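Undergrad: Generate coordinates for the sequence data below:
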Amino acid sequence: FLGTAKMMSFIPLLLVGILFPAIQAKQFTKCELSQVLKPMDGYKGTTLPEWICTIFHISGYDTQTILNNNGRTEYGLFQINNKIWCSDNQILQSRNICDISCDKFLDDDLTDDMMCAKKILDNKGIDYW
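TA: Have a look, this model is predicted:
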């Protein structure tokens, strides 16, 4: 009887895990991030060490970082905000310059993050961060 009760409580958890898979988040190390961000090295004069340092200070190398800042929300490693660069369900009039959903910046695939960070660098420079 006890075994059946434990199994019955496990099944809903299993179903939740199957129906709602977790976003693949990642806490990068400095070395891992250096490898992934190599294409950013030298872009608009910003060196790889500058990127690594900046990302450490704004997100701690954690892709799941979300911060609320003066009425906007900033997402992911690069802390890209929902007022100008991406869209979410909080600010319906986002300019969404990167043409992307903000939650895409919370996973471990940095391809879209880097593309948007380059647009930010093109428009605002490194002082954005």
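
Undergrad: Okay, residue 25 and residue 122: tell me how far apart.
TA: Here residue 25 is placed at a distance of 27 Å from residue 122 (CB to CB, to the nearest Å). Using the backbone N, CA and C atoms, a C-beta is placed for each residue, glycine as well.

Undergrad: correct me, but residue 112 touches residue 102?
TA: No. In this structure residue 112 lies outside contact range of residue 102 using CB atoms under 8 Å: 10.7 Å.

Undergrad: neighbour count winner among the two?
TA: Higher neighbour count among residue 112 and residue 102: residue 102, with 25 against 18, using other CB atoms under 10 Å.

Undergrad: What separation do you get for that one and residue 67?
TA: Taking CB to CB, one finds residue 102 at 12 Å from residue 67.

Undergrad: Show me the common contact partners of those two, please.
TA: Residues within reach of residue 102 and of residue 67 at once, by CB atoms under 8 Å, 6 or more residues apart in numbering, are residue 73.

Undergrad: can you pull the contacts of the residue most central in space within the chain?
TA: In the chain, the residue lying closest to the centroid (CA atoms, centre = their mean) is residue 76, at 2.4 Å. For residue 76, the contact set (CB under 8 Å, 6+ apart) comprises 59, 63-65, 105-106, 113.

Undergrad: 6 Å instead?
TA: Residues near residue 76 by CB atoms under 6 Å, 6 or more residues apart in numbering: 63, 105-106, 113.
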